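Predicted model follows, preceded by the sequence.
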Amino acid sequence: MSYRSTNENRGRFQLKYRGTECLNCQHPLDISDRYCPNCSQANSTKKVTLRDFVDEFFSNVIAYDSRLIRTLSAMILHPGRITKEYIAGRRVYYTNPFRFMLSLAIIYFLMLGISGGFSELDRYGSRNDGIVFNLDETFNRAIPIPNPAQEEALKIMDSVDLGGTIKQYRNRRDSLIVHDPGGYFGNIKATSFFGRIAQKQEFFGTLLGRDSVYSFEEAVEKYEIPDNTENRLSFKLAGSTLKVTRQPGSFINSLISGLPFATFFFLPVFAMFIVLVYIRKKYTYTDNLIFSFHNQTLLFILLIISFLIDAIFNISTSWLALVVFAFYLYKAMRNFYGQGRFKTIIKYLFLNMIFFILAGIGGLLFILGSVFTF
């Protein structure tokens with residue numbers, strides 16, 4: 001007998017505490033009902049005690065642990081089987097695939113953010129000179145290469161004077177903007193929408209960094225700039241971009257914290273292509289989506305294990321985790337969709353190509369969106 005079934009026959013779950021009406025939704029109940037069929041609240045009139053809290057806590061923990069062990073066992077040892085059983089109706093037996101994947105994604109990216117030390121990169125951020133990074137200092141500190149090679153690379157950089165050229169150009173442009181903001185803004189003649197956004201973003205970025213303008217309304221009033229959506233968008237983008245260049249480490253941490261949710265919303269898009277590839281298999285869109293979540297969950301499990309091994313033994317095993325996952329994904333596709341090796345390999349390669357294309361596009365949009373909202 002499980003802990004849960006034992007717990008439901010004692011304490012406030014005893015028969016003498018059962019009522020004939022749900023205390024939460026007033027739904028009529030039978031004395032044999034342990035839970036309300038309408039709202040799922042426990043059928044008990046007993047006052048809750050500390051012991052009741054403790055009993056229910058351990059009951060839920062043990063029940064969750066049992067599902068978690070069964071889920072991990074089925075997922076690791078039998079690729080594809082857990083999805084078959086889940087869509088066949090054995091949903092209480094396993095953990096929720098959507099919640100489980102999101103939880104592991106949050107854990108992995110949290111570990112990555114904490115261990116990465118990205119906040120240290122804020123020291124390389126620009127201040128008010130318009131240059132995003134101190135090139136020499138960044139090169140010396142951030143790129144661990146042998147001294148002779150480093151010296152040679154620095155000589156090449158010095159001869160080209162890339163940092164000086166960029167700084168000279170930006171100082172000249174910024175001087176023109178600060179000297180006559182209204183005139184400079186009026187000369188922005190780009191014909192394309194994105195071209196104008198880019199030029200206006202540079203304009204507002206200079207004002208924010210050099211002329212102590214803190215709001216769009218202030219810029220409109222001070223420089224007689226038209227108050228419209230395009231200019232507001234450019235001002236917002238300039239402010240966010242300036243903040244990113246000044247706090248690159250904080251931006252990376254913010255980016256990493258949003259990746260679990262980006263992954264969660266990316267997979268439903270990818271699942272549409274799985275539906276098209278396996279359109280004759282009679283699986284619904286949700287079935288294919290569950291398959292994607294189960295596989296992605298396994299990837300996060302492997303990455304977390306790899307991360308812990310690397311942290312303990314100071315080695316790199318992430319490549320091994322990806323190799324194992326690549327083989328696992330092939331086996332999962334074969335077992336779940338039941339097709340031969342040749343068809344599976346062709347569809348495997350095609351879907352992976354689609355996955356990386358979508359990931360590239362999605363990643364770019366995610367970064368741009370993160371910059372805009374930072």
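Received it, and whenever you're ready, just let me know what you need.

for the residue nearest to the spatial centre of the chain, what are its contacts?
In the chain, the residue lying closest to the centroid (CA atoms, centre = their mean) is residue 259, at 1.3 Å. Residues in contact with residue 259 (CB atoms under 8 Å, 6 or more residues apart in numbering) are 105, 109, 366. C-betas here are computed from N, CA, C, even on glycine.

pretty sure the last one is in a helix, no?
Yes. When classified by DSSP: H, G, I helix; E, B strand; the rest coil, residue 366 is found to be part of a helix.

Nearest residue to it in space, please, no chain neighbours.
residue 262 (5.0 Å; CB to CB, 6 or more residues apart in numbering).

and if you look at residue 14?
residue 46 is the one closest to residue 14 (CB to CB, 6+ apart), at 7.8 Å.

Just give me the neighbour total for the one you found.
Residues near residue 46, counting by other CB atoms under 10 Å, number 15.

Check the spacing between it and residue 230 real quick.
64 Å (CB to CB, to the nearest Å).

Touching, residue 315 and residue 309? I think so.
Yes. Residue 315 is within contact range of residue 309, at 7.0 Å (criterion: CB atoms under 8 Å).

out of these two, which sits in the busier spot?
More crowded of residue 315 and residue 309, by other CB under 10 Å: residue 309, with 16 against 11.

quick one: which helix or strand includes that one?
helix 285-313 (DSSP states H and E).

which residues sit against stretch 365-374?
236, 237, 240, 241, 243, 244, 251, 254, 255, 258, 259, 262.

Apply 7 Å and report the result again.
Applying CB atoms under 7 Å, 6 or more residues apart in numbering, the contact partners of stretch 365-374 are 236, 237, 240, 241, 243, 244, 251, 254, 255, 258, 262.

for stretch 335-349, same thing?
By CB under 7 Å, 6+ apart, stretch 335-349 touches 79, 80, 81, 83, 84, 277, 278, 281, 291, 330, 333, 334.

10 Å instead, please
Stretch 335-349 has contacts (CB atoms under 10 Å, 6 or more residues apart in numbering) with 78-84, 87, 274, 277-278, 280-281, 283, 287-288, 290-291, 294-295, 326, 329-334.

Mind checking which of those residues land in helices?
81-84, 87, 274, 277, 287-288, 290-291, 294-295, 326, 329-334 (DSSP state H).

Give me the neighbour count for residue 276.
Count around residue 276 with other CB under 10 Å applied: 11.

and it, what is it in contact with?
So residue 276 contacts 288, 351, 354 (CB under 10 Å, 6+ apart).

Equivalent analysis for residue 286, please.
87, 268, 271, 275.

Contact partners for the nearest residue to the third one once chain neighbours are set aside?
Right, residue 271. Closest residue in space to residue 271, ignoring its immediate chain neighbours: residue 289 at 4.2 Å, by CB to CB, 6+ apart. Shown in contact with residue 289 (CB under 10 Å, 6+ apart): 97, 98, 267, 268, 270, 271, 272, 274, 275, 283.

Next one, pLDDT for the nearest residue to residue 93 once chain neighbours are set aside please.
Spatial nearest neighbour of residue 93, excluding adjacent residues (CB to CB, 6+ apart): residue 70 at 6.2 Å. Predicted confidence (pLDDT) for residue 70: 84.

cool, residue 332 as well?
At residue 332 the predicted local confidence, pLDDT, stands at 95.

rewinding a little: may I see the contacts of stretch 365-374 arranged in JSON lines, with secondary structure and neighbour count as well?
Listed next are those as JSON lines, based on DSSP: H, G, I helix; E, B strand; the rest coil; neighbours: other CB atoms under 10 Å:
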{"residue": "236", "secondary structure": "helix", "neighbour count": "15"}
{"residue": "237", "secondary structure": "helix", "neighbour count": "19"}
{"residue": "240", "secondary structure": "helix", "neighbour count": "18"}
{"residue": "241", "secondary structure": "helix", "neighbour count": "19"}
{"residue": "243", "secondary structure": "helix", "neighbour count": "16"}
{"residue": "244", "secondary structure": "helix", "neighbour count": "22"}
{"residue": "251", "secondary structure": "helix", "neighbour count": "22"}
{"residue": "254", "secondary structure": "helix", "neighbour count": "17"}
{"residue": "255", "secondary structure": "helix", "neighbour count": "19"}
{"residue": "258", "secondary structure": "helix", "neighbour count": "14"}
{"residue": "262", "secondary structure": "helix", "neighbour count": "20"}
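
what residue ranges in the protein are flagged as low confidence?
1-13, 47-65, 124-174, 176, 190, 211 (pLDDT under 70).

Break it down into its structural domains.
126-246, 249-373 (automatic domain parsing).

follow-up on the earlier one: gap between the helix holding residue 309 and the chain center?
14 Å (CA atoms, centre = their mean, to the nearest Å).

buried residues in it?
287-304, 306-307, 309 (16 or more other CB atoms under 10 Å).
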